[in-house]
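Asks: Provided below for reference: sequence and predicted model.
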Amino acid sequence: MSLRDAIARYVHDGDTVCVEGFTHLIPTAAGHEIIRQGRRGLTVVRMTADIVVDQMLAADCVTTLVSSFVGNSSAGSLGELRRRVEDGRLTFEEYSHYGMVCRYLAGAQRLPFYPLRSYGGSDLPRVNGQLRKVTSPYPGPDGEPEHVYVVPPVNPDVTIVHAQRADRSGNTHVWGLTGVQAEAVYAARTAIVVVEEIVDASVVRSDPNRTLIPAHAVDAVVVCPRGAHPSFAQGYYDRDGAFYREWAHISKDPRRLAAWLDEWVYGTEDHAAYVSKLGRDHWERLAVDEALSIPVDYGRRR
């Protein structure tokens, strides 16, 4: 379905929305469509809260953020996020990266919690009451009871991910940095997969190991070329480093940020219009050359 229809059907006011993609394949276009449709009161779950979260905050879509990193990807700060944390308008629930991974694993497996050791000696339990310590039912190496931290599951109302390609059924190929997209999809009640292109099922079957997300876990497939900008899609276009650097200056000034949203999100009908507005020269600068993988012989019965 179209991105507009997918967001209208599956994202509602007050929902918990997971927006995942680690470094690349960030579903920016989906975030923009949520802004256009004026969603309110969202809890956003994203391991690396970055530009798209800053934009959704500035559009008053988000009241709670669950994350393990906030920042403009080595290019500066997120001005709106910082303002809202400091003035108390945003509830921020902080985890470590692995703590977030464990929350997705627990959610995907419908477990009540997931254990991890890495919070021992950390200050995070002081600021996040969701981090609890439990006693293992099994003795440790010395025969004494062991105590470990656990995190609760996360089960979003909807998970949105971006990927390189899928077939019409939703079998989704991802390569490069795979992040926790699969776990986030399985943890959710519904899932939207946004892709650079739809391919024939035979393409997916030709390389089954790249099917990170299978069709049975997907509720909507959306074709949205260049929908991860300013992040990159491995094999399709490069990261827009200039945009990341510029965003630090845009988001620092609330009036300049509001003007950017008016021009680039509210002022564009959809992501295709956003892509067109950036212009051919812009996309030429982000073009990538081929780097083909060596073919794999999966074998066939005689």
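Replies: On my side now, so go ahead.
Asks: Mind listing the strands the host helix or strand of residue 222 pairs with, and their directions?
Replies: Using DSSP states H and E, residue 222 sits in strand 220-223. Partners of strand 220-223 in the sheet, by DSSP bridges, are strand 190-198 (parallel).
Asks: Mind listing residues that contact the partner strand?
Replies: 3, 6-7, 10, 27, 29-30, 157-168, 170, 172, 185, 213, 217-227, 233, 236 (CB atoms under 8 Å, 6 or more residues apart in numbering). In short, each C-beta sits where N, CA and C put it, glycine included.
Asks: For it, what does the pLDDT average out to?
Replies: Across strand 190-198, pLDDT averages out at 98.
Asks: The chain should start at 36 in everything you say after this.
Replies: All set: I'll call the first residue 36, so the last point we hit is now strand 225-233.
Asks: which helices and strands does the helix or strand that that strand is followed by pack with?
Replies: Once the chain leaves strand 225-233, the next helix or strand it forms, by DSSP H and E, is helix 236-241. In terms of contacts (3 or more CB pairs under 8 Å, 6 or more residues apart in numbering; DSSP states H and E), helix 236-241 is packed against strand 193-201.
Asks: Apply 10 Å and report the result again.
Replies: strand 193-201, strand 207-208 (3 or more CB pairs under 10 Å, 6 or more residues apart in numbering; DSSP states H and E).
Asks: Present those strands as CSV; the columns should include mean neighbour count and mean pLDDT.
Replies: Shown next, in CSV, are the helices and strands packed on helix 236-241 (neighbours: other CB atoms under 10 Å; pLDDT from 0 to 100):
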stretch, mean neighbour count, mean pLDDT
strand 193-201, 27, 98
strand 207-208, 25, 98
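Asks: Including distance to residue 149, could these go into CSV?
Replies: Output for the helices and strands packed on helix 236-241, formatted as CSV (distance: least, CB to CB, whole Å):
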stretch, distance to residue 149
strand 193-201, 17
strand 207-208, 24
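Asks: I'd like the average pLDDT over stretch 61-81.
Replies: Stretch 61-81 comes out at a mean pLDDT of 98.
Asks: Same question for stretch 304-311.
Replies: In the prediction, stretch 304-311 has an average pLDDT of 98.
Asks: so how far is it from its chain's centroid?
Replies: 20 Å (CA atoms, centre = their mean, to the nearest Å).
Asks: now stretch 238-246
Replies: 23 Å.
Asks: likewise stretch 294-311?
Replies: 20 Å.
Asks: Just the buried positions in that stretch, please.
Replies: 295-296, 299-300, 303, 305-306, 309-310 (16 or more other CB atoms under 10 Å).
Asks: Could you save those residues as CSV and add columns showing distance to residue 335?
Replies: Listed next are the buried residues of stretch 294-311 as CSV, based on distance: CB to CB, whole Å:
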residue, distance to residue 335
295, 53
296, 53
299, 49
300, 49
303, 48
305, 43
306, 40
309, 44
310, 41
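Asks: Okay then, goodbye and thanks.
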